[in-house]
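Undergrad: Quick check, what structure comes out for this input:
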Amino acid sequence: MAASTVFAFFKPNALATNGYAYGSAVLPASDQVDVSVTRISSGRWASLDSFECDRSSDEVKQRAVSMEEALSGIGTYVGSCVCVAKVSPRSPKAWEYGIVTGYTWVQERLAGELFVCFGDESDSVPFNLNELQDLV
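TA: Residues are numbered from 1 along each chain as shown. As a prediction, this is how the structure comes out:
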């Protein structure tokens, strides 16, 4: 079996970020224990300098996601405070503040939704970088 590039979703601090981040690694055909993971510049971390570290190949395999999800950066917003443009019935568009508690990615549509807690209510919000402001 040939080496393959795998994209993965990592927990906070795994790739030198204070939140979730995506990385990529080339997994060799052999059962190598550690592999070099490169942080993907996407989502909240789009402007960070490059970063590389060694992680367990098993961890990379267990956290595998599609390339499209990793490049979108959707998961990097989990746990962060955001400002979202929302439209309520019979109201003008308004900015609301909330905390991202999770997300879903639909590979067939190459799109996803963020689950955001706005104080007393939670809502799913289509992931659109043009209508999302990361606050923390």
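Undergrad: Going by neighbour count, list what's buried in stretch 12-26.
TA: The neighbour-count check on stretch 12-26 (16 or more other CB atoms under 10 Å) flags 14, 15, 17, 19, 20, 21, 22, 23, 24, 25 as buried. All C-beta atoms are positioned from the backbone trio N, CA, C, and that covers glycine.
Undergrad: Show the low-confidence segments of this protein, by residue range.
TA: Within the chain, the stretches with pLDDT under 70 are 1, 136.
Undergrad: ok now do the residue positioned nearest the centre of the chain, which residues does it touch?
TA: Closest to where the C-alpha atoms of the chain average out (CA atoms, centre = their mean) is residue 75, at 2.2 Å. Taking CB atoms under 8 Å, 6 or more residues apart in numbering as the criterion, residue 75 is in contact with 9, 20, 22, 43, 65, 69, 103, 105.
Undergrad: unless I'm mixing things up, the fifth one is touching residue 9, no?
TA: So that's residue 65. Yes - Residue 65 is within contact range of residue 9, at 5.0 Å (criterion: CB atoms under 8 Å).
Undergrad: what about these two, which has more around it?
TA: Neighbours were counted for residue 65 and for residue 9 using other CB atoms under 10 Å; residue 9 has more, 21 against 17.
Undergrad: Quick check: buried residues in the helix or strand containing that one?
TA: Per DSSP states H and E: residue 9 is located in strand 4-10. Neighbour-count burial for strand 4-10, counted by 16+ other CB under 10 Å, picks out 6, 7, 8, 9, 10.
Undergrad: Could you save these as TSV and add columns showing distance to residue 95?
TA: Conversion of these to TSV gives the following (distance: CB to CB, whole Å):
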residue	distance to residue 95
6	37
7	32
8	33
9	28
10	30
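Undergrad: And the residues you listed, which is closest to residue 133?
TA: In terms of CB to CB, no member of those lies closer to residue 133 than residue 9, at 22.2 Å.
Undergrad: So that closest one sits against residue 70, correct?
TA: Yes - at 7.4 Å, residue 9 counts as touching residue 70 under the criterion of CB under 8 Å.
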